[in-house]
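Q: mind folding the following:
(chains A and B)
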Amino acid sequence: MTFNLFVLPFVLGLIFLFFTMIRKNRNWIRRMDPEDKQKLASGLRSAKVFLALREIFFESLLHRKMFHKNPLLGFMHMSFAFGWFLLILFGNLESRIYSGFWINPPYFPIFLKFFIHDKRVLPFEIFTVPGFFRFSMDLILMFILCGMVLAIIKRSHSKWFGLKKTTQLQFSDKVAMTCLWLIFPLRLLAESFTAGAYGYGGGFVTQHLGNVLVFIWPLSDKVVAYAFWWMYSLSLGIFFITVPYSRYMHIPTELILIFYRNFGIHPGKGSEYFSEIEVLSCPRCGVCIDVCQMNSAAGIHDIQAVYFLQSIRNQQVMESIATRCLVCGRCQEACPVGIHTDFQRIVQRESFQQLQFQDYSYLKQETTKKAEVVYFAGCMSHLTPTIPRAMKKILDTSKVDYLFMDEDRSICCGRPLMLAGKLQQARDLIEQNKNKIMDSGATTLVTSCPICYRIFMEEYHLELRVLHHTQYILELIKLGKVPLQSYHRKVVYHDPCDLGRGSGIFNEPMELLQKIADPLDTENKGVDSLCCGGSLGLLNAGTEERDKITQEALSSYLECDPELLVTACPLCKKTFAKLSPVGVMDIAELVMDAIPKDTVIERRLVL
Amino acid sequence: MKSFGYTITKDRQIDFDLNDRNVTGFINKVEPSFRLCMACGSCTGTCSAGHFTDFNIRMIHTLVQRGETKHLKKEIMKCMLCGKCQLVCPRGVNLRNLILSIHTALETYGI
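A: Just a heads-up that it's a prediction; the model follows:
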């Protein structure tokens, strides 16, 4: 008979987990807005399903991103995830040989060796089907146990795994983790004792280990084996029950997240359900801790994405944690699950700002002049007047008819309000600026500020070209409108957060820089760029903490001993200039310097 | 009554007993850099909103310090939170958080 009482803990745990996931998923689908529902329905019937399955295979099972971070860390995660998957797959296939049916009770493959004792000893066992499975199952179990040993070592020696700091786990995580760690050794012992007691039926590890155990264990072996089967089933059952209350909830949720993401569903307004999926998908691996400059430079250890997401899940978000973040996007870039940590942060900030209101009725609609190109310097550029001056000279040199929209006074673009969680108030400013820009009848909008650039691209929905000045200057140079002479100055380029990671503009600034200077290579370039410390996303931190972040970034960028630190953001420039021992310049200023002195400049500003 | 063009000016002496110092206490607690201000006015000089209307952060600072919360709400609503003031502040006052904290204080004390 293929039933024994000991399978009950496993079966009950599995049923509990299964119905919890069904209930949660139904809840998410019910809260979806019609557009997302449409995407889900059409996605399920398209080839996107295969893309999602492919991503699940590479990321959830093989943990490719973890391998990129650190090979040992990747192997540890892979041995657990892929190993367990193989164990389930091979176990199911093996059980079919013995049961002869296509449908088995779910516990049958898991506890196969308890129910079936294959006495056949075959010549060249491994080349026969049962022998092959017996061999493979032991091999896979060893593979997982390797990962388990690594996981235990990682708790005390996380540095070997490329993690300077590892996550401080909460109680429920520790319980679930202990159960998870017990599952596989208990399986090994249960199978070994059974194989030892019968004298046959085990694989290359379990049979030999079983023989040794039986030899040194004087008690009745079948009883001992039975006790281990009970413990194995209990550890599985308790693990399944703790999953919804611990970090291991990421295992079932991440699969759903990957499907939704591949169907084109992204977090946005009115998608609380998606935020919930992302929060539950956080495995608390701690990769976001090391990359966070608040941790490495400012010594603040409780606000990192992992702890922040944990506080959302426990419904204990504190305003001080939500607001103490640079929103630089480094954790989002590093996250192996692809959780939109910046978005989560802003959503939570919004919940703290619900009752606050703003009144911008003093902003009257003004008539805008007509021009081909609108130049919007941005608030921050007015604090670094050399940047707008350089832009004016470049635009004049290239004989462009342009309108300097905020020369006298500027309406803020709205992103600082958004970063503070005041989304509705930001809309007021967006409306004002949008009207002004569209009234000019321009075909191109150029801005010097990456903060403005990002919100122009993401929230304004403008029907014209929006360019950051680095893109526009490069375009003018390629058209031969700006005469240049190269200076061959050794410079290092710092990618501003909102321009690089935020908007994906990496190539144009570099290409432009190569035309006028000799950029040096630096460790923290591109997506790994460091925040200057001036971020408007950081609401609740003093000058001291900001200065520490600036110092850390400066020491990294100045390692290559450049003559100049070059950036493409007025805020970064101003922040770096405060503490930098070398000069700090915007790319536009470098271009201005590179224009030969004898060039005739015609002022074409629309007045 | 015949008007000779003269009026009686109200007493301009500040009576701290009449003022609500709750907001002042709250701000001092949540944003201690508030006390660093030396009233130089750089923030007001650079203010984006100040270029359009008579929004004046230095005045807000004075009002909060004195506990004169009557006009605070109407004034504070004009801020665009762009953060220029914070960057020019020679004393390192965290002005954006100050504005947000004043909002919270006004809510907390129902002003």
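
Q: all helices of the stretch 101-250 of chain A, in order?
A: A:107-110, A:112-115, A:129-156, A:171-198, A:206-216, A:221-242, A:250-262 (DSSP state H, counting those that start in this stretch).

Q: repeat for chain B
A: Secondary structure of chain B, counting by DSSP state H: helices at B:22-30, B:42-46, B:57-66, B:72-76, B:84-88, B:95-108.

Q: if I look at A:Cys569, how far off is chain B?
A: 13 Å (CB to the nearest CB, to the nearest Å). Just so you know, the C-beta spots here come from the backbone N, C-alpha and C atoms, and that holds for glycine as well.

Q: how many residues are close by the nearest residue to that residue once chain neighbours are set aside?
A: Closest residue to A:Cys569 apart from its sequence neighbours, by CB to CB, 6 or more residues apart in numbering or on different chains: A:Pro496 at 3.6 Å. Using other CB atoms under 10 Å in any protein chain shown, A:Pro496 is surrounded by 30 other residues.

Q: over to A:Asp138?
A: So A:Asp138, with other CB under 10 Å, has 21 neighbours.

Q: which residue is the nearest non-sequential neighbour of it?
A: Once flanking residues are discounted, A:Asp138 sits nearest to A:Gly203: 3.3 Å by CB to CB, 6+ apart.

Q: same question, A:Glu191
A: Nearest residue to A:Glu191, sequence neighbours excluded (CB to CB, 6+ apart): A:Thr206, at 4.4 Å.

Q: shaky segments in the chain?
A: Picked chain A for this. Along chain A, segments meeting pLDDT under 70 span A:1, A:121-123, A:218, A:220, A:354-356, A:603-607.

Q: my bad, chain B
A: Applying pLDDT under 70 to chain B picks out residues B:1.

Q: what number of residues lie near A:Ser156?
A: 9.

Q: quick one, what contacts it?
A: Taking CB atoms under 8 Å, 6 or more residues apart in numbering or on different chains, we find A:Ser156 in contact with no residue.

Q: now it: how far from A:Leu180?
A: In this structure, A:Ser156 lies at 17 Å from A:Leu180, with CB to CB, to the nearest Å as the measure.

Q: how about the residues of chain B near chain A?
A: Contact residues, chain B versus chain A (CB under 8 Å from any CB of the partner chain): B:33, B:46, B:48-49, B:51-53, B:74, B:77-84, B:87-88, B:92, B:94, B:96-97, B:100, B:103-104, B:107.

Q: buried members of the residues you listed into PyMOL, please.
A: To isolate the buried members of the residues of chain B next to chain A in PyMOL, using 16 or more other CB atoms under 10 Å in any protein chain shown:
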select buried, chain B and resi 33+46+48+49+52+77+78+79+80+81+82+83+84+87+88+94+96+97+100+103+104
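
Q: quick check: A:Asn25 vs chain B, distance?
A: Distance from A:Asn25 to chain B, counting by CB to the nearest CB: 38 Å.

Q: report the contact partners of the nearest residue to A:Leu257 once chain neighbours are set aside.
A: Distance criterion CB to CB, 6+ apart; nearest residue to A:Leu257, sequence neighbours excluded, is A:Ser281 at 4.7 Å. A:Ser281 makes contacts with A:250, A:253-254, A:257, A:337, A:339, as judged by CB under 8 Å, 6+ apart.

Q: roughly how far apart are A:Trp160 and chain B?
A: As judged by CB to the nearest CB, A:Trp160 and chain B stand 40 Å apart.

Q: how about A:Lys164?
A: In terms of CB to the nearest CB, A:Lys164 sits 29 Å off from chain B.

Q: give me the residue from the stretch 201-350 of chain A nearest chain B.
A: With CB to the nearest CB as the measure, A:Thr323 is the residue of the stretch 201-350 of chain A nearest to chain B, at 7.5 Å.

Q: residues near that residue, how many?
A: So A:Thr323, with other CB under 10 Å, has 24 neighbours.

Q: do B:Arg35 as well
A: When neighbours are defined as other CB under 10 Å, B:Arg35 has 11 of them.

Q: gap between the closest residue to it other than its chain neighbours and chain A?
A: Excluding its sequence neighbours, the residue lying closest to B:Arg35 (CB to CB, 6+ apart) is B:Asn28, at 6.5 Å. B:Asn28 sits 14 Å away from chain A, going by CB to the nearest CB.

Q: let's have the contacts of A:Ser281 in JSON lines, adding distance to A:Lys392 and neighbour count.
A: Formatted as JSON lines, those follow (distance: CB to CB, whole Å; neighbours: other CB atoms under 10 Å in any protein chain shown):
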{"residue": "A:His250", "distance to A:Lys392": "52", "neighbour count": "21"}
{"residue": "A:Thr253", "distance to A:Lys392": "52", "neighbour count": "25"}
{"residue": "A:Glu254", "distance to A:Lys392": "51", "neighbour count": "23"}
{"residue": "A:Leu257", "distance to A:Lys392": "48", "neighbour count": "21"}
{"residue": "A:Val337", "distance to A:Lys392": "46", "neighbour count": "18"}
{"residue": "A:Ile339", "distance to A:Lys392": "42", "neighbour count": "26"}
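
Q: show me which pair in those residues is furthest apart.
A: A:Thr253 and A:Ile339 (10.8 Å; CB to CB).

Q: quick one: residues contacting the residue in the stretch 101-250 of chain A that chain B sits nearest to.
A: Closest to chain B within the stretch 101-250 of chain A is A:Gln168: 26.2 Å, counting by CB to the nearest CB. By CB under 8 Å, 6+ apart, A:Gln168 lies in contact with A:Tyr307.
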